[in-house]
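Undergrad: kindly generate the corresponding structure for this input.
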Amino acid sequence: QVQLVESGGGLVQAGGSLSVSCAASGRAFSSYGMGWFRQAPGKEREFVAAINWNGVNTYYADSVKGRFTISRNNAKNTMSLQMNSLKPEDTAVYYCAAPRGRFVIPTSPPMVGSWGQGTQVTVSS
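TA: Numbers count the residues shown, from 1 in each chain. As a prediction, this is how the structure comes out:
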């Protein structure tokens, strides 16, 4: 089992930038793909971005492509999401996610085995 703790987030004006990070512990972080999801009030949790075990391959939802960048540091067991050109519709709780299996890239909620507690990102217009 893996434990995930998010940090960062906060309040920013539209067009601004923000970064969220995830610290992982409990299993071989460097062997697993990881992902970010978000959930806005009244909406289902949705995929944002994912990254494979060594950071070579990244995946993004169409809504964030070109604005968000996912990265990881296996030496520090951390993952980050840099968010630029933020829009009010990016407002949500952002969750760090670890997959159910070693060769799974978590791009949908059923593929996730562990969630972080979430961190709030609010973009004002």
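
Undergrad: please make it C-alpha for all contacts and neighbour counts, starting now.
TA: Fine.

Undergrad: surely Thr119 touches Tyr94?
TA: Yes. Counting by Cα atoms under 8 Å, Thr119 touches Tyr94, with 5.3 Å between them.

Undergrad: which neighbours do those two share?
TA: The contact sets of Thr119 and Tyr94 do not overlap (Cα atoms under 8 Å, 6 or more residues apart in numbering).

Undergrad: residues near the closest residue to Ile105 other than its chain neighbours, how many?
TA: Take Ile105 and drop its neighbours on the chain: the residue closest to it by Cα to Cα, 6 or more residues apart in numbering is Gly33, 5.1 Å away. Residues near Gly33, counting by other Cα atoms under 10 Å, number 25.

Undergrad: touching, Gly33 and Thr107? I think so.
TA: No. If you go by Cα under 8 Å, Gly33 and Thr107 don't touch, sitting 10.0 Å apart.

Undergrad: common neighbours of the two, please.
TA: With contacts taken as Cα under 8 Å, 6+ apart, Gly33 and Thr107 have Ala50 as neighbours in common.

Undergrad: and the pLDDT at the residue minimising distance to the centre of the chain?
TA: In the chain, the centroid-proximal residue (Cα atoms, centre = their mean) is Trp36; its distance is 2.1 Å. In this model, Trp36 is scored at 98, pLDDT.

Undergrad: gap between it and Ser114?
TA: Distance from Trp36 to Ser114, counting by Cα to Cα, to the nearest Å: 12 Å.

Undergrad: shared neighbours, these two?
TA: When Cα under 8 Å, 6+ apart defines a contact, the residues bordering Trp36 and Ser114 alike are Ala97.

Undergrad: the helix or strand harbouring Cys22: what's the following helix or strand?
TA: Per DSSP states H and E: Cys22 is located in strand 18-25. Next along the chain after strand 18-25, taking DSSP H and E as the criterion, comes strand 34-39.
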